[in-house]
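# have a look; sequence and predicted model below, questions after that.
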Amino acid sequence: MLISRWLFFFCILGASLFSLEPIILLLGPPGSGKGTFSQYAKQYGYNHLSAGDFLRQEMIQQTDLGKQIEATIRNGDYIDVALFWQIMRKQITSIYATKQPFILDGFGRSPEDCEELLALLHDLCSDNPIMVLFLTSSDLTCKQRILQRVVCPHCNYVGSKDIAAPGILCPCCQIGKIELRCNDTATIIDKRLHDYHTYIEASYHALTQHFPHRFFSTECDRATCLSFYDIFLQSLQFH
């Protein structure tokens with residue numbers, strides 16, 4: 001009888017722990033489709049936490065910090081690591097408090113970043129399962145996508161020029177106006193892809209050693225990508 005009671009207790013405890021939605025660490029080179037995946041995942045209830053989006057919000061608000069960030073980003077460089085994690089820890093803590101599942105996009109770019117990220121996840125999210133989705137694509141495809149990329153500064157919609165031209169109302173929120181990102185130029189894209197392979201890619205691969213992970217090549221048509229995203233996100237609901 002005692003064994004049965006303990007077995008029942010652990011079954012309930014396990015169901016409670018694993019009923020939590022996994023946090024997704026979304027990794028991959030610029031232009032690999034991380035924004036498209038995150039946008040699609042919203043229909044499954046996921047919030048999208050992008051390091052780039054947080055920094056761009058500071059720029060849009062034209063705070064002193066935002067002006068500093070803008071000058072750095074326009075040159076294709078990265079902001080100070082300590083300052084970056086000060087902003088990220090505040091934002092992630094705020095979102096985690098809502099108890100909604102979320103995607104972390106573009107975190108862990110250096111060994112030091114990985115240590116900060118792992119410490120933050122341990123401090124805040126130790127009860128949540130964590131899954132890594134690593135998107136891959138060729139440099140040529142990534143560059144072509146970024147050169148065609150348009151965004152909405154209001155809702156962070158990401159699209160392509162052939163779907164939404166710069167200057168029109170955002171097809172998603174119908175509030176913001178579609179625009180190009182200031183650093184989506186051929187020269188800066190080449191620099192970012194070079195930096196990714198030289199400094200960032202190894203750190204991203206290191207993160208896969210800590211969590212369950214899936215690799216997916218987005219060198220396919222949009223319909224095939226979305227089909228995989230459906231299967232992946234549905235599998236997380238039944239993890």
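All right, it came through fine. Numbers count the residues shown, from 1 in each chain.
# for the rest of this, base every contact and every neighbour count on C-alpha atoms.
Noted.
# where does the closest residue to F37 other than its chain neighbours fall, phi/psi-wise?
In space, and not counting its chain neighbours, F37 is closest to Y229: 7.0 Å by C-alpha to C-alpha, 6 or more residues apart in numbering. Main-chain dihedrals, Y229, degrees, to the nearest 10: phi -60, psi -40.
# CA atoms only: put the longest strand seen in the chain into PDB for me.
Of all the elements of type strand in the chain, the one with the most residues (DSSP state E) is strand 130-136. Extracted in PDB, the C-alpha atoms of strand 130-136 (Å, rounded to 0.1, in the frame of the first residue of the first chain):
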ATOM      1  CA  ILE A 130      14.200  23.300 -22.600                       C
ATOM      2  CA  MET A 131      14.500  22.400 -26.300                       C
ATOM      3  CA  VAL A 132      17.000  23.600 -28.900                       C
ATOM      4  CA  LEU A 133      15.900  24.200 -32.500                       C
ATOM      5  CA  PHE A 134      18.900  24.800 -34.700                       C
ATOM      6  CA  LEU A 135      18.100  26.100 -38.200                       C
ATOM      7  CA  THR A 136      20.700  25.900 -40.900                       C
END
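# and the next helix or strand after that strand with strand 130-136, angle?
Under the assignment DSSP states H and E, the closest C-terminal helix or strand after strand 130-136 is helix 139-147. Here the directions of helix 139-147 and strand 130-136 differ by 100 degrees (axes from the mean of the first three to the mean of the last three C-alpha atoms, to 10 degrees).
# now helix 139-147, how far from the centre of its chain.
With C-alpha atoms, centre = their mean, to the nearest Å as the basis, helix 139-147 stands 18 Å off its chain's centre.
# who does that helix touch, helix- and strand-wise?
Packing partners of helix 139-147 (3 or more C-alpha pairs under 8 Å, 6 or more residues apart in numbering; DSSP states H and E): helix 186-195.
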